[in-house]
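>>> Give me a model of this one.
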Amino acid sequence: MESDANKKPDQPQQLGTRGILTLVTLSVIIVMTFLLRYQQHGFGRGEVVIGEDIKIKVEVAATEATREKGLAGRTKLMVDEGMLFLFAEPARYVFWMKDMKIPIDVIWIKSGEIVDLTVNVQPAEKNEPAPTFSPLYAAEAVLEVPAGFIAEHGLRLGLPVIYRIDRRGALR
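Residues are numbered from 1 along each chain as shown. Here you go, the predicted structure:
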């Protein structure tokens with residue numbers, strides 16, 4: 001049996017079961033901390049650029065919980081603000097106006113360009129069911145902006161869309 005004093009200094013060390021368990025535990029803690037922090041904040045932040053110079057500050061809804069909440073309960077939305085909903089796969093997602101207080105325009109995005117536009121979607125009248133809407137074509141991202149935004153900026157199908165996302169932060 002070789003003693004520690006007789007080991008060569010450049011000989012590789014084995015982690016062993018205890019070392020591997022420690023690394024796995026630390027990795028799980030780091031990942032869980034990140035996920036919990038992200039879920040607590042809910043919405044990430046980002047910027048969307050449409051065409052060459054139309055910039056919108058956005059909150060990003062990329063989880064089921066944040067997508068379900070959306071802009072519900074908001075009483076105002078600034079002209080250069082919106083909410084960007086991100087999905088893993090393109091589809092014809094159905095949106096609704098549950099608990100919405102403000103009218104919105106909706107920009108449907110796929111492969112970096114506008115594929116559909118929905119204008120002036122109104123909140124439900126008191127005691128009425130929440131309106132629903134969906135695009136004509138599959139989308140992987142949906143941008144909700146204040147009503148009138150699409151007309152004011154002359155948006156049209158095919159315009160390029162770029163989004164930059166910081167998932168660490170939150171506007172709230």
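
>>> partners of the top strand by length along the chain in the sheet?
Ranked by residue count under DSSP state E, the longest strand found in the chain is strand 81-91. Here strand 81-91 is paired, per DSSP bridges, with strand 54-61 (parallel), strand 139-146 (antiparallel).

>>> Serialize these to TSV and add fields for mean pLDDT and distance to residue 27.
In short, each C-beta sits where N, CA and C put it, glycine included. Listed next are these as TSV, based on pLDDT from 0 to 100; distance: least, C-beta to C-beta, whole Å:
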stretch	mean pLDDT	distance to residue 27
strand 54-61	93	26
strand 139-146	96	30
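
>>> just the ones you listed: most buried one?
Highest mean neighbour count among the strands paired with strand 81-91 (mean count of other C-beta atoms under 10 Å): strand 139-146, with a mean of 23.

>>> residues making contact with that strand?
48, 56, 58, 70-71, 77-79, 81-93, 95, 102-111, 115-116, 135, 161, 163 (C-beta atoms under 8 Å, 6 or more residues apart in numbering).

>>> what's the closest of the strands paired with strand 81-91 to residue 128?
strand 139-146 (20.1 Å; C-beta to C-beta).
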